[in-house]
Structure formats: C-alpha cells, structure tokens
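*Asks:* I'd like to go over a predicted model; first the sequence, then the structure.
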Amino acid sequence: MNVPARLRDLRWAGVQLSGVATVAMLVVAVAVNTALQPNFWGGYALTSNFATFVPLVAIAIGQTVVVLSGGLDLSLGAQVTLASVVAVQVVDGRLDRLPLAAAAALGVGMACGALNGLVVALLRLQPIVATFATSFVFSGLALVVLPTPGGSVPIEVTTAYRDSVLGVPVALLAIVGLALLWRVLRGHRVLRHVYAVGGDAEAAYASLVPVTRTRVWAYVLGGLFAALSALAVLANTGSGDPFVGNELTLASVAAVVLGGTALAGGRGGAGGSILGAMVLALVTNIVFFADVPTTYRQLVNGAVIILALALAGIPALQKRRPAA
Amino acid sequence: MSTALLEMTGVRKRYGGVQALDGASLTAVRGEVHALLGPNGSGKSTLDKTLAGTVVPDSGEIRIDGAVARIGGPRDAHALGVAAVYQQLSIVGDLTVTQNVVLGLEPARRWGFLDHRAARDRAGAALERFAAAFSGRLPLDRPAGSLGPGELQIVEVAKALARGPRILVLDEATASLHKEQVEVLFEVVGELRAAGVLVLFTSHRLDEVFALCDRATVLRNGRTAGTVELADTDEAELVGLMVGDVPHRAPRRAPATTGAPAPTEAFVGAGPEARPGAEAEAEAVPGAEARAGAEARPGAEAVPGARLEVRGLTTERLRDVGFTARAGEVLGLGGLQGQGQSELLLALFGAARVSAGEALLDGRPLPLTSPVRAARAGVALVPGDRGRQGMFATRPIQENLSLASMRRRARAGLALGAAAERSAARSMVERLRIKLGSLADPVSTLSGGNQQKVVIGKWLLDRPRVVLLDDPTKGVDVAAKEEIYAIVRGLADDGAVVILNSSDNRELAELSDRVLVLFEGAVVEELSGAAITEGRLVAGALRLAPGESL
Ligand SMILES: Nc1ncnc2c1ncn2[C@@H]1O[C@H](COP(=O)(O)OP(=O)(O)OP(=O)(O)O)[C@@H](O)[C@H]1O
Ligand SMILES: [Mg+2]
C-alpha cells in the first residue's frame, strides 16, 4: 500500500469518524434537551420538535447536492422564502388550490436553481459570489410578491402536519420521505455524475461526463429541495413571511458540514446532513430552554454552529486534490 | 489498408508562452500499432488530447476515415470511436473502481436509473485480463483512490477498453506497469490490432516500442520530425530522430561555473565523465557500467560496516524484511508488481504502520513513525505517485523544486535569499532539461515527464543520507533518464544509501549494486554483481531456479 492509499484510508476513516461524531453530537443534543425541556419525549413536544426540523432537513439535502457537485448555494434560504410566498399567494387559504400551490412552489425553486446553475456553470462565476448575488434577486422578488407577513394556509394542512399516524408524527414521516427521495436520486445517473464532477471535474470531463449540464442539475435539485422546505415552512407556520428563509442558508451549510460532506465536493451524502440538521435544530432548542436572554440567543447559536463546524469539519475539509 | 484511418495535419496549440504543438502531423492506418515518440514536452500528450477531445487545437485538421472530424469535446471523440488512456489518468478517486470504469457511459434502466449489476459485470469483464495485478481479486467496489499507481493505471486501461474503440490512445500506459502486466497489455493490443483497431502508443521505454509497434512518428518541439518503419530502424536511429541534429550535449561543465550555491556540490561526484551518448547507450551492456563505477568508488569500502541496517521489518504487507546497505550502495528492489517494494520504501520513510522490526542509520535507530521525523533524519523519498504525493500541482515550479531543500537549509540556519533559491532551481531545471515556460508557472502545466523531473529534483537538492526512489524515471525521456542516473550515482558516491524500486528491469540492472527480490512481502532472493541481468531479474521475479530459462 502506498502513501496516498494510507492517507486515503485515514480520510475515509475521517468521514466515518465525522459520521460517528455527528451521531455523538445528536446523542448529546438529545440528552441535554431531555434534561432541559419538560416532556421532551412526550407526544406534543416530539411532534412540535419534528415539525420544526423538516424545513431545515429539506434545505440541508438540497445544499448537500450542490456541495457534492463542487459548488455552494447561498441563495437557498431566499429560494425558500420566494417559493413559500408564491405558494401562499396561490393557495390563498383554499384547500382545492393546494396542488397548484405546491406545483408553483416546486416550479419557483427549480427555476431559481436553473438560474443559479446557468450562471455558475456557463458564465463560470464563483458559486459563492454568484449565488450570493442571486439571493438578493430572490429576496427582492419575495417582497414584491408578499410585502408584509400574511396570507393563509388551509387549516387542514397545518392540522395534518402536526398530527400523527399510528403514533408516528407526520413531520417525522415527512423526514423519512425526504430521505427516501434522496435514496431514489442516488440511484440516478445525474447524482452519480454530480459525485464525479465534484470529485474531479477534469477527470469527469475526460470520461464523457457532461460537466456543465451536471452542474446545472445540481443547482436545480437544490432548488427542488428548497421548494419542499418552503412547503414545510408553510405547513408549520400557517402563513407567509417574506423573511422566513433568511437564517436557513447558513444553517443548511452548517448541517452539510456537520454531516461529514466535504465542502470541496465529491464526498459525503445527505444521510449525514439530515442528522446534522437535527443537531442544529436541537441546539436551537437548548438555547431556548436554557433561558439564554433573548439578546444573546443569536450570538450563542452562532457560536455553537462555529464550534460544531470546527469539530466536525476538520477531517471533512481535508482534500488533497485541488479542485479543477 | 489503402486509405488512412487517421490523418492529423498542421495541428497547433499554444499555452501562454509555450507552443506545445507547432504544426504536428500524423498518419496511421487500420490495424496498426503506431508509436508516438519524442522527448519530454515535445507535445505527444497534447496531440493525443486533441484527438481525444480534451484539448481543442488552435488550428489543424483531423480526418478519420477520410472525413474531416470535428472534435469539440471528449463526447465527439467517443462518437467517432476514439478512446484514450491519459498519461495523467482520468480516474475519480472518490468513486469505486466499477463506477470509474463505466463513468460517463453508465448502464441504466429506464429514465436514467442506474443498473448496478450491469455496471459491475462490465467492469469485471474489462478488468478480468489484468486480474493478476490485483492478486486475483478484482477491487470492483473499492474506492479508486485507495489503489496504488500500477493498479490505477490498469483501471484506466480497462476503462478505455470497455468503450470498444476503433482508435485507442495509450499515453504512457506502461509507465507504472511491471513487466508481467505490460505483457498482458501487449496481448490485448495484439488482439485489437488483429481486429483492425488503430492503437497510438507512447512510451519512453524503447524496447517496448520495438516489441509492439509497426511504425513510429517522432515529435520534436511540437513538430513532426518524421515517421519511420520500425522494422528498418534501430534504437540509435530512433533516438537520433528524437533529440535532433544537435549532437548530444557537450560534456557537463563543472557545477561551479553555473554559479549555483551549495546544493550542486552534491552532484560533483557525478560530473567528470560525460554520459555515453544515445548510440553508445543502445549497445551498452545493461548494468555493467554501474557496477564498474561502484567498484571504483573510494568511499564505499572505506566506511566500515553498514550505513543502513534493517532488521525484521514487518508491516501489513511486509514479512520480516532484513538487509544491510553500505554507504554508497545502490540497492535495487526486484520482483513482480506489488510484492511490497513500495511498502518497504514507505516503511523506511515512516509512512507505513510498522508492527515489528527496526532500522539503524549509522548505528542510530531510525524513527519509523512519521515522514517528518524520517526526513529530519536525512531520509528522502521520491514517491511513486507524483500526482497525489510528490508535488503541489497548483503551486509554482520553483516553489516545488525548493520545498524539500528549503526546509533543510532553514534548519541549518541558512535562510537563502530569493535569488539564490531561484538559481538553485534554475540549475536543476537546466540539468534535467525541464521544459517550462517560467519558473513561476504551476507544476500542473508541465508535461508528465517534466513533472516527474521536478519531483526528483526537489528531493535531490536536499542531499539526503538515505534516498528512497519509487519508480523515479517513469515517463522521463532517454536523455533525462541518463541525467537522473548520474545524479543518483553522484548521491551514492557522496555516501548516501540509495534504495530503488523500479518497474523497469533495465533500470534496476543498470543502477543497482545489489538487488533484493521480493515476493509477497518477503525477500526471497538476492542478486549481486554480474548476476544482475534483466534475464535474471525476470527469472527471480517469477521465482524460477537459476538454471531454468524462460
Ligand atoms: N495545460 C497546460 N498549460 C500550460 N502548458 C502546457 C499545458 N499542457 C501542456 N503544456 C506544455 O506543452 C508542452 C507539451 O506538453 P506535452 O504534455 O504534450 O508533452 P509530452 O510530449 O507528452 O511530454 P512527456 O513525455 O513529458 O509526457 C510542454 O512544454 C508543456 O509544458
Ligand atoms: Mg506526455
């Protein structure tokens, strides 16, 4: 075995280790929550906890796809906002308009993703810069669509979202559904190409992988999951808010890194990101129940994210081959 | 046979200040194995890439079957039946071997959903012939990044073969392969030839070229210097065509005149006698000269006892390896591919997990726990895998050349000025004839052979006490190979112990004073002096008794 092989082994171990680390963090977060939150395991608390997890889980999966392709999408939160306000305007409290509203949200998300993908893959702008710029476009559009918080979601939707089936919270089923959707995508050629392009774009190109098209697809899929996140936000809150996605962007990146996906691309998966998202959500819970004064809450949240990133990200950030 | 299958004419490609191709042309027919030869940096890989679609030429015309081929990317080339084995490989380390072999052409069921079983079958079929290189068990589900250089090379070959090409480009596909795998590849190429496939073959091992190819086109500075029938050509003629009318370099000047500082002193020992020219090299009895040199070395005998002593070294892949080496000795490692040769070098460099055994350098224990400590103790490793281990591809050439030695000099408290640093790097560039635009360019812009020269140059500036060389001249052209041999001998003359692993038996025979033959991680035979011949090395690798012939 040669040196690189050994380094590689360590690296694989690194990913696994961070998988272990993710689970460990989840366990710790659950333990602290159990201690702090009254009735953490009770039906009501469990349901409402899972209800708040779903938007973050969905957007984290979307960010995972983009990161795996070697990119980054800083506009995902704005896409959640835009898709949710469009959907709330379309549904306008009427249950029969629900399919239309869902389709509109998905369409908006994928269109935003396509725009990002074209800007990054064709114009070859830096993903960070390009998607930061488009995030303002999307946020601006959201304000045009819904200037102030308002609009209403059919009561049936919000009720069902907080219901449970045979004792299993619907929101948990939604998370399982998202995980299954990821599994299906993983079996598709596009996701294989996403991994290849993120791992080594030059080698992928020489191997007949359509690199540009694959990059665009990655952002489109990111937008698709942002739209699913938007639907979960609406189901959870019951009304539209033109600022709702702001904090989701950073959280999605944090969840991806916590889950052991390399920011350099090509390595990792959404399984870890889902766990990472739950850890983040639980940390927010902890900050809330630990009676941290409101003024410090954001500060503490941010510090925890940075700490977690530092701990979990170190092995995952190492990547020998410079991105092409 | 009448019309050409492939006609490339007037192909030009410029990279910044470097004219990589300057009107190159090549014509080849169906069922031919056509060699594409030339010194490092002459444009072979670039010409291959214009055919394979990864490089779009500035101008020039490519005709396939008489029709003008518009190749704007690899997919166009694939549609025309071109598949390539790239010198720098096109493997994605994070994907498995199977995923790499089928990459870009994944078998799928409906709507693009992958058919994993078909993919495994296809990869297995493509790798089957080469199973011996993996000790019989195909690593289909292992991440490609965990394979060694020789194994990766085979995956790259299998991937190209799986595309069923009618034009197959093999760019230094044999450079990290041992003889037995080269033979399998030759068999496969023979079958392809019989089936009417055109194979473009690039190698710096001329014996392979003569054994395999029908004709050869020689490039020089991006231009076609000529095409010859190999049956009517000898090695000397071919080398003459490669290096051009300019006769071989004048005898080397004394290093002092280059104005280079301290580091070049290390090479003084190699200086005086000019290396034999290409003609002489063709006739030279392999190995004889190196050993004659060893006998004459004053230092070698004078040092009492061993400089390096290894006892009972055991790792995952090594079993109880022990040997001693005197100062100034070049110790070769022979045997079949992957019998623990690289592992032994890594273990001595502190980069393998050593479970038992020890090593003494000048009577003091050599730390086998980390490369940093090994380097500090004066051990240098030229790794077998330059792409991932040997260099910082995106950093400037100069920085890469001086990294290792800079550390040493900094340690000695001799922080060198930028100017001195540059002139040290420049003298190495000159000695090894590294063809480059500017020292400030990233190493990744160099041709494969020139990258290898940077990797070697970097460590050899460092004046190590133990030099571990893992396939040091792979992809390096004939002239630079001689130069590297001279440097290696110079280091040995200075008292360093050199341990050499090479996939090229000719190189082992030429350089080694003694050869340890490894089999399954253990030393099974030792050859020394006149016993080191290519024939004995092959027999030893196959574990034939001395009397038996092949
Ligand atoms: N991407 C690039 N950027 C800049 N220069 C390049 C690039 N690719 C090749 N070159 C230059 O073009 C020239 C020809 O390179 P090429 O790789 O074709 O040589 P080669 O004949 O294959 O050599 P070798 O035997 O070392 O493989 C070299 O001088 C190299 O530095
Ligand atoms: Mg080359």
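*Replies:* Cool, the structure landed. Since we're looking at a predicted model, the values are computed, not measured. Ligands and ions are numbered 1, 2, ... in the order given.

*Asks:* got phi/psi on the most centrally placed residue in chain B?
*Replies:* Closest residue to the average C-alpha location of chain B: B:Lys474 at 1.3 Å, with Cα atoms, centre = their mean. Phi and psi for B:Lys474, reported as degrees, to the nearest 10, are phi -70, psi 130.

*Asks:* same deal with B:Ala216?
*Replies:* The phi/psi pair for B:Ala216 (degrees, to the nearest 10) is phi -140, psi 140.

*Asks:* with adjacent residues omitted, what lies nearest to it?
*Replies:* Among residues not flanking B:Ala216 along the chain, B:Ala35 sits closest, at 3.7 Å (Cβ to Cβ, 6 or more residues apart in numbering or on different chains). For every residue, glycine as well, the C-beta is placed using N, CA and C.

*Asks:* tell me what the one you found is bridged to.
*Replies:* In this entry, B:Ala35 is beta-bridged to B:Phe201, B:Ala216, by DSSP bridges.

*Asks:* for it, list the residues it contacts.
*Replies:* B:200-203, B:209, B:212-213, B:215-217, B:230 (Cβ atoms under 8 Å, 6 or more residues apart in numbering or on different chains).

*Asks:* also B:Leu95?
*Replies:* Counted by Cβ under 8 Å, 6+ apart, B:Leu95 has contacts A:192, A:195-196, A:199, B:103, B:143-144.

*Asks:* which among those residues end up buried?
*Replies:* A:192, A:195-196, A:199, B:103, B:143-144 (16 or more other Cβ atoms under 10 Å in any protein chain shown).

*Asks:* where do the helices sit along chain A?
*Replies:* Per DSSP state H, chain A carries helices over the ranges A:3-36, A:43-68, A:76-91, A:98-121, A:127-145, A:155-161, A:170-186, A:189-199, A:201-206, A:211-237, A:248-258, A:270-289, A:294-317.

*Asks:* and B:Leu219, that's in a strand?
*Replies:* Yes. Counting by DSSP: H, G, I helix; E, B strand; the rest coil, B:Leu219 is found in a strand.

*Asks:* now do B:Asn118: how many residues are near it, please.
*Replies:* Just so we're on the same page, residue B:118 is Ala rather than Asn. B:Ala118 has 14 neighbours, counted by other Cβ atoms under 10 Å in any protein chain shown.

*Asks:* likewise A:Val233?
*Replies:* A:Val233: 29 neighbours (other Cβ under 10 Å).

*Asks:* go on, the one 3 residues further on?
*Replies:* Here the count is done by other Cβ under 10 Å, and A:Asn236 has 20 residues near it.

*Asks:* cool, B:Ile499 as well?
*Replies:* 27.

*Asks:* my guess is it contacts B:Glu329, does it?
*Replies:* No. Contact criterion Cβ atoms under 8 Å: B:Ile499 and B:Glu329 do not qualify, at 9.1 Å.

*Asks:* what residues does the stretch 51-200 of chain B put near chain A?
*Replies:* For the stretch 51-200 of chain B, the residues in contact with chain A (Cβ under 8 Å from any Cβ of the partner chain) are B:52, B:54, B:73-75, B:78, B:84, B:86, B:89-95, B:99-100, B:103-106, B:108, B:111-114, B:143, B:145-149, B:159.

*Asks:* let's go with 7 Å and repeat that
*Replies:* Within reach of chain A by Cβ under 7 Å from any Cβ of the partner chain, the stretch 51-200 of chain B has these residues: B:54, B:74-75, B:78, B:86, B:90-95, B:99, B:103-106, B:108, B:112-114, B:145-146, B:148-149.

*Asks:* now the buried members of these.
*Replies:* The buried subset of those - by 16+ other Cβ under 10 Å - is B:54, B:74, B:78, B:86, B:90-95, B:99, B:103-106, B:108, B:114, B:145-146, B:148-149.

*Asks:* what residues of stretch A:84-94 count as buried?
*Replies:* For stretch A:84-94, using 16+ other Cβ under 10 Å, the buried residues are A:84-88, A:90-91.

*Asks:* quick one: contacts of that stretch?
*Replies:* Under the contact criterion Cβ atoms under 7 Å, 6 or more residues apart in numbering or on different chains, stretch A:84-94 has outside partners A:97-98, A:100-102, A:104-105, A:108, A:142, A:145-146, A:151-154, A:230-231, A:233-234, A:239-240, A:242, A:244.

*Asks:* near chain B, which residues of the stretch 51-200 of chain A?
*Replies:* Going by Cβ under 7 Å from any Cβ, the residues of the stretch 51-200 of chain A near chain B are A:187-190, A:192, A:195-196, A:199-200.

*Asks:* pick out the residue of the stretch 301-450 of chain B closest to ligand 2.
*Replies:* The stretch 301-450 of chain B approaches ligand 2 most closely through B:Gly448 (4.2 Å), counting by Cβ to the ion.

*Asks:* from what I can see that residue touches B:Ala175, true?
*Replies:* No. B:Gly448 is beyond contact range of B:Ala175, at 8.0 Å (criterion: Cβ atoms under 7 Å).

*Asks:* common neighbours of these two, please.
*Replies:* With Cβ under 7 Å, 6+ apart as the test, B:Gly448 and B:Ala175 both reach B:Gly475.

*Asks:* show me the residues around the residue of the stretch 151-300 of chain B found nearest chain A that make contact.
*Replies:* Going by Cβ to the nearest Cβ, chain A is nearest to B:Lys159 of the stretch 151-300 of chain B, at 7.3 Å. With contact set as Cβ under 7 Å, 6+ apart, B:Lys159 has these partners: B:100-101.

*Asks:* which ones are touching the residue nearest to the spatial centre of chain A?
*Replies:* With distances taken as Cα atoms, centre = their mean, the residue of chain A nearest its centroid is A:Ala60 (1.6 Å). Counting by Cβ under 7 Å, 6+ apart, A:Ala60 makes contact with A:252, A:255-256, A:273-274, A:276-277.

*Asks:* give me that answer again for 6 Å
*Replies:* Residues near A:Ala60 by Cβ atoms under 6 Å, 6 or more residues apart in numbering or on different chains: A:252, A:255, A:273, A:277.

*Asks:* next one: B:Pro57
*Replies:* So B:Pro57 contacts B:11, B:13, B:50 (Cβ under 6 Å, 6+ apart).

*Asks:* mind checking how far the residue in chain B that chain A sits nearest to is from B:Ala83?
*Replies:* Residue nearest to chain A within chain B (Cβ to the nearest Cβ): B:Gly104, separated by 3.0 Å. According to Cβ to Cβ, to the nearest Å, B:Gly104 stands 11 Å off from B:Ala83.

*Asks:* turn the buried residues of stretch A:84-94 into CSV, columns for pLDDT and distance to B:Ala377.
*Replies:* CSV is the format used below for these (pLDDT from 0 to 100; distance: Cβ to Cβ, whole Å):
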residue, pLDDT, distance to B:Ala377
A:Ser84, 96, 63
A:Val85, 96, 66
A:Val86, 96, 67
A:Ala87, 95, 67
A:Val88, 94, 69
A:Val90, 94, 72
A:Val91, 89, 72
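
*Asks:* could those residues go into TSV alongside distance to ligand 2?
*Replies:* Output for those, formatted as TSV (distance: Cβ to the ion, whole Å):
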residue	distance to ligand 2
A:Ser84	54
A:Val85	56
A:Val86	54
A:Ala87	56
A:Val88	60
A:Val90	59
A:Val91	61
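
*Asks:* and the residues you listed, which is closest to chain B?
*Replies:* A:Ala87 (27.1 Å).

*Asks:* gap between the closest one and A:Val153?
*Replies:* 9 Å.

*Asks:* where does pLDDT dip in chain A?
*Replies:* A:1-19, A:308-309, A:311-324 (pLDDT under 70).

*Asks:* what do you get if the cut-off is 80, keeping everything else the same?
*Replies:* A:1-22, A:37-45, A:288, A:290, A:292, A:294, A:297-298, A:300-302, A:304-324 (pLDDT under 80).

*Asks:* so which residue of it comes closest to chain B?
*Replies:* A:Leu208 (3.0 Å).

*Asks:* list the contacts of that residue.
*Replies:* The contact partners of A:Leu208, by Cβ under 6 Å, 6+ apart, come to B:74-75, B:78, B:104.
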